[in-house]
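1. Any chance you could fold what I've pasted below:
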Amino acid sequence: GAGAVLNSLNCPAGSSLLVTGGGSVGLSAVMAAARGLATIIVVEPVAARRRLALELGATHAVDPAAGDVAEQVRAIIPAGVKYAVDTTAAAPVITAVLASLAQQGRFGMVGVPADPTATLSVNLIEMQARGLSFTGIVEGDSNPDVFIPELIDMYKKGAFPFDRIITTMPFKEINEAVEAQARGEVIKVVLVHGSGIG
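-> The predicted structure is shown next:
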């Protein structure tokens, strides 16, 4: 998520970003974007994750159940967002993201579809006429030997508080950890030997 914002899309300060999904990848994108983007909109169905996104730097949090996502985004930015990062790989979400983009908007897909044969149908004339670009992003186009130390340095300076999205649990509770993550009760579980801490 952070690599998508800082490397793949290279979102400049003052621009706008839409992030679909408030899990660990989406919230990492938010934390990276909070370093200078003017508008950061997160689309997430779980209320607790929307609240956390706002605490981590999002300027707006949208509930997809509250209405058409593109309409909600354009109520915030009538011209649409310049950049978007999708973590869901769900076709209806991707369609909403494309409808939320500004002229010459750039869309990066980080999410991996549950169905490996899934396809996406887009209106090609709209893509061309609006100058939209669509990029598949792998590992944030990052060199881990360089990027991870950069993220750690950001964390030490208080600019990338990734510890806010981590919950530790004992390894023996691995099944409970998976279930809690699936229910949206935790963002990212780190399994540890011992009792674990919140």
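2. Residue 127 touches residue 120, doesn't it?
-> No. Using C-beta atoms under 8 Å, residue 127 makes no contact with residue 120, being 11.2 Å away. C-beta: built from backbone N, CA, C; applies to glycine.
3. Looking at those two, which has the bigger crowd around it?
-> residue 127 (15 against 12; other C-beta atoms under 10 Å).
4. Please, which helix or strand holds the more buried one?
-> helix 124-130 (DSSP states H and E).
5. Then residue 75?
-> Counting by DSSP H and E, residue 75 is part of helix 69-76.
6. May I see the buried residues of that helix?
-> Across helix 69-76, burial judged by 16 or more other C-beta atoms under 10 Å covers 69, 70, 72, 73, 74, 76.
7. Check stretch 12-30 too.
-> Applying 16+ other C-beta under 10 Å to stretch 12-30 flags 15-30 as buried.
8. and this protein, what are its domains?
-> 1-136, 161-197 (the TED database).
9. Kindly compare burial across the ones you listed and name the winner.
-> domain 1-136 (a mean of 19; mean count of other C-beta atoms under 10 Å).
10. need the strands for this protein, in chain order.
-> All strands of the chain, identified by DSSP state E, fall at 16-20, 39-43, 60-62, 81-86, 101-109, 133-136, 166-170, 188-192.
11. Let's have these in TSV, adding mean pLDDT and distance to residue 148.
-> Output for the strands of the chain, formatted as TSV (pLDDT from 0 to 100; distance: least, C-beta to C-beta, whole Å):
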stretch	mean pLDDT	distance to residue 148
strand 16-20	97	21
strand 39-43	98	23
strand 60-62	97	28
strand 81-86	97	19
strand 101-109	96	20
strand 133-136	92	22
strand 166-170	91	15
strand 188-192	91	16
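12. export those to CSV and tack on distance to residue 155?
-> CSV is the format used below for the strands of the chain (distance: least, C-beta to C-beta, whole Å):
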stretch, distance to residue 155
strand 16-20, 19
strand 39-43, 19
strand 60-62, 23
strand 81-86, 20
strand 101-109, 23
strand 133-136, 26
strand 166-170, 11
strand 188-192, 14
